[in-house]
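S.K.: Below is the sequence, then the predicted model.
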Amino acid sequence: MQAKVLAARRSLVLRVRFAPSPTGYLHIGGARTCLFNWLYARKHKGEFVLRIEDTDVARSKKEYLDEILESIKWLGMDWDNIYYQSQRFEIYHQQAQKLIEQGKAYKKEGAVFFKYEFQTIEIDDLIRGKITFNELPKSEEVIIKSDNSPTYNFSCVIDDALMKVNNIIRGEDHISNTPKQILMYKALGFQVPKFAHLPLILSPEGGRLSKRFGATSIREYKELGYLPEAIANYLMLLGWSPGEDKEIFTLDEAKEIFEITDVNKTGAVLSLEKLNWINSEYIRASSDERLVGLFEEHLKKDDFLPSWVDKEYMKRIVELFKERTVKLSDLFEKSRFCFYDDFAYDQDSKSILEKDLSSQVKTLATSFSSMEDFNKENIEDVFRSTVKDLGLKVRDLVHPVRIALTGRKNGPGLFETIEVLGKERVLKRLERLISYWEKGGVDA
RNA sequence: GACCCCAUCGUCUAACCUGGUUAGGACAAGAGCUUUUCAAGCUCUCGAUACGGGUUCAAAUCCCGUUGGGGUCGCCA
């Protein structure tokens, strides 16, 4: 009795799944499909199942599986159940046998074919409404291959039916699989689930996101320095909107209001510009501690971090660059001068160095060297009064000094930069600029 | 080619379901303010209902067609 009640409850609860194949890394498109499934399950207090479609034993790899699972978690999702198709071959064979016995399938050339008759098929799509197929290209379909493994359409139907997946949310590229699958549901005596076909993510050139487009896997985006919340946020925005002109929102907020029926029908072009903007918003909103952690992790991985660097120093660098960081990789790139002295002066900054100001910079260095409390405010006071005494404008010295300290003409505020680098290194770098002028424009 | 899906600024979208908005927002672009540069921030500008027919007092919104774009046509998933 108890079991019966449980079984009834089990079929009532909303159940969705994400079914990745471990033959590659988790793709941007797959991640969004996963996201929408997860959101829908959480919104309706349903169950989110992960089903690993590893029937292609030759192409499936543990490395890919691990990465897919890790990416899903990294983006902020979890799952209630996980199944592996490679462990369920027995089930597929039983179901195929059932069809053979009923005369709905037959063996040929070592494979099992499912045979069906033409009929009009209607899909009641949660996103698109009614989709009608008036004809089908074939009249039979392989369900068990000659190597005994099930085909995608067959194992998919069996599993969705037996796992009681009652809402199938997947990419639009599966629409044309749906009629065959519905025929299989019916032949096997299973209840046909509801379908929702998501629009595809398109590349800016039009067409599918392909190899021509730079990064396609979640893992690559992580390595490029995108934050998981930013990617999840951006992906949700592709085809769905929380309304009220809201664009920056978390998974937690979305899972309260997400509705699959609100998803758009139109394919969405991936825009790195918008992703970058969202990422920069999240970076600016991140705590310094978190950024220091990520920064450190990255620099250690590349064996870049000098041993004298401590957490406090990292934090000051983060403060310096946070506001002008789009991706974490920018932070890594732009802050190199904070760790090493061996940078060259940028080609396009050399024009600023054309005018020889060696004596003025010497004066500045002297003023700096006699300072006791080398903090931002004092540095600014000393800098401004020195410049005034020299009869110069602030900008006359700011630009050359920035190049001396960072190698570039653009960067964070000069006085903050001077403070972070510290007196010793600042003086050393000013020396270098002076000798550059004395040697007639040759960098040491 | 056959079958199927889709159509609002360059891009993502709101308004579409339940016809009545100066068709709104964001990214990008351009201009300005601020300023030691860059960035950020603030202000402003540019910019769309693919086309043609209906239905209706009224159409981005409903219907039909055209055009355009996309997807699928594997013993891959």
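M.R.: Thanks, I have the structure now. Values in this document were obtained by computation on a predicted structure and should not be read as measured data.
S.K.: Break chain A into its domains for me.
M.R.: A:1-86+A:199-285, A:89-198, A:286-338, A:347-438 (automatic domain parsing).
S.K.: Show me how far the longest one is from its chain's centre.
M.R.: The chain centroid and the centroid of domain A:1-86+A:199-285 are separated by 10 Å, computed with CA atoms, centre = their mean, to the nearest Å.
S.K.: Rounded mean pLDDT for it, please.
M.R.: Averaged over domain A:1-86+A:199-285, pLDDT sits at 92.
S.K.: quick check, it touching RNA strand B?
M.R.: Yes - judged by CB under 7 Å from any atom of the strand, domain A:1-86+A:199-285 comes into contact with RNA strand B through A:19, A:21, A:23, A:53, A:55-56, A:59, A:85, A:199-200, A:202, A:206-208, A:237-241, A:243, A:245, A:247, A:262, A:264-269, A:271, A:273-274, A:276-277, A:280, A:284. In short, each C-beta sits where N, CA and C put it, glycine included.
S.K.: now the strands: where do they sit in the stretch 51-200 of chain A?
M.R.: A:81-84, A:105-108, A:111-115, A:121-125, A:129-133, A:140-144, A:167-171, A:194-198 (DSSP state E, counting those that start in this stretch).
S.K.: Could I get the buried residue list for the fifth one?
M.R.: Think strand A:129-133. By 16 or more other CB atoms under 10 Å, the buried positions in strand A:129-133 come out as A:131, A:133.
S.K.: Mind giving me the PyMOL command for buried ones among the residues of domain A:1-86+A:199-285 next to RNA strand B?
M.R.: Applied in PyMOL, the following selects the buried portion of the residues of domain A:1-86+A:199-285 next to RNA strand B according to 16+ other CB under 10 Å:
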select buried, chain A and resi 19+21+53+55+85+199+200+202+237+238+239+240+267+268+276+280
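S.K.: from the residues of domain A:1-86+A:199-285 next to RNA strand B, which ones fall inside strands?
M.R.: A:202, A:268-269 (DSSP state E).
S.K.: Dump those residues into JSON lines; add distance to A:Ile100 as well.
M.R.: Output for these, formatted as JSON lines (distance: CB to CB, whole Å):
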{"residue": "A:Leu202", "distance to A:Ile100": "42"}
{"residue": "A:Ala268", "distance to A:Ile100": "44"}
{"residue": "A:Val269", "distance to A:Ile100": "47"}
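S.K.: and of those, the nearest to A:Tyr64?
M.R.: The nearest member of these to A:Tyr64, counting by CB to CB, is A:Leu202 at 24.3 Å.
S.K.: wait, doesn't that closest one sit right on A:Val269?
M.R.: Yes - under the criterion of CB atoms under 8 Å, A:Leu202 makes contact with A:Val269 at 4.7 Å.
S.K.: Now do stretch A:75-83: everything it contacts.
M.R.: A:18, A:31, A:34-35, A:38, A:41, A:47-52, A:72, A:159, A:163, A:218, A:228-229, A:231-232, A:251 (CB atoms under 8 Å, 6 or more residues apart in numbering).
S.K.: Now with 7 Å, please.
M.R.: A:31, A:34-35, A:38, A:47-52, A:159, A:163, A:218, A:228, A:231-232, A:251 (CB atoms under 7 Å, 6 or more residues apart in numbering).
S.K.: can you pull the buried residues of that stretch?
M.R.: A:75, A:77, A:79, A:83.
S.K.: Adding distance to A:Glu431, write the residues you listed out as a markdown table.
M.R.: Converted to a markdown table, those look like this (distance: CB to CB, whole Å):
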| residue | distance to A:Glu431 |
| --- | --- |
| A:Leu75 | 49 |
| A:Met77 | 54 |
| A:Trp79 | 59 |
| A:Tyr83 | 67 |
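S.K.: Go through these and say which is closest to A:Glu297.
M.R.: A:Leu75 (17.9 Å).
S.K.: and that closest one, how far is that from A:Tyr234?
M.R.: According to CB to CB, to the nearest Å, A:Leu75 and A:Tyr234 sit 11 Å apart.
S.K.: same check, this time on A:Arg432
M.R.: 43 Å.
S.K.: Which one's more surrounded, those two?
M.R.: A:Tyr234 (24 against 15; other CB atoms under 10 Å).
S.K.: How about the residues of the stretch 301-444 of chain A by RNA strand B?
M.R.: A:323-324, A:380, A:394-395, A:398-399, A:402, A:409-416.
S.K.: Can you tell me which of the residues you listed are buried?
M.R.: A:380, A:398-399, A:402, A:409, A:411-412, A:414-416.
S.K.: As a markdown table, the residues you listed with pLDDT and secondary structure would be great.
M.R.: Formatted as a markdown table, these follow (pLDDT from 0 to 100; DSSP: H, G, I helix; E, B strand; the rest coil):
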| residue | pLDDT | secondary structure |
| --- | --- | --- |
| A:Glu380 | 93 | helix |
| A:Val398 | 95 | helix |
| A:His399 | 94 | helix |
| A:Arg402 | 96 | helix |
| A:Lys409 | 91 | coil |
| A:Gly411 | 93 | coil |
| A:Pro412 | 95 | coil |
| A:Leu414 | 96 | helix |
| A:Phe415 | 96 | helix |
| A:Glu416 | 95 | helix |
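S.K.: Could you find the closest non-adjacent residue to A:Gln283?
M.R.: Slight slip there: residue A:283 is Ile, not Gln. A:Thr325 (5.2 Å; CB to CB, 6 or more residues apart in numbering).
S.K.: So the one you found is in contact with A:Leu331, correct?
M.R.: Yes - A:Thr325 is within contact range of A:Leu331, at 4.8 Å (criterion: CB atoms under 7 Å).
S.K.: In terms of pLDDT, where does A:Glu135 sit?
M.R.: 83.
S.K.: tell me the contacts of it?
M.R.: A:Glu135 is in contact with A:Phe118, counting by CB under 7 Å, 6+ apart.
S.K.: Now it: phi and psi?
M.R.: phi -150, psi 160 (degrees, to the nearest 10).
S.K.: just A:Glu244 next, same as before
M.R.: With angles defined as degrees, to the nearest 10, A:Glu244 sits at phi 60, psi 30.
S.K.: mind checking how far it is from A:Lys43?
M.R.: According to CB to CB, A:Glu244 and A:Lys43 sit 18 Å apart.
S.K.: now the residue of chain A positioned farthest from its centre, nearest residue through space, not along the chain?
M.R.: When distances to the mean C-alpha position of chain A are computed (CA atoms, centre = their mean), the maximum falls on A:Asp389, with 53.0 Å. Using CB to CB, 6+ apart and skipping the chain neighbours, the partner closest in space to A:Asp389 is A:Thr363 (7.8 Å).
S.K.: The helix or strand where the one you found lies packs against which elements?
M.R.: Take DSSP states H and E as the rule and A:Thr363 turns out to sit in helix A:358-369. Contacts defined by 3 or more CB pairs under 7 Å, 6 or more residues apart in numbering; DSSP states H and E place helix A:358-369 against helix A:376-389, helix A:394-406, helix A:423-438.
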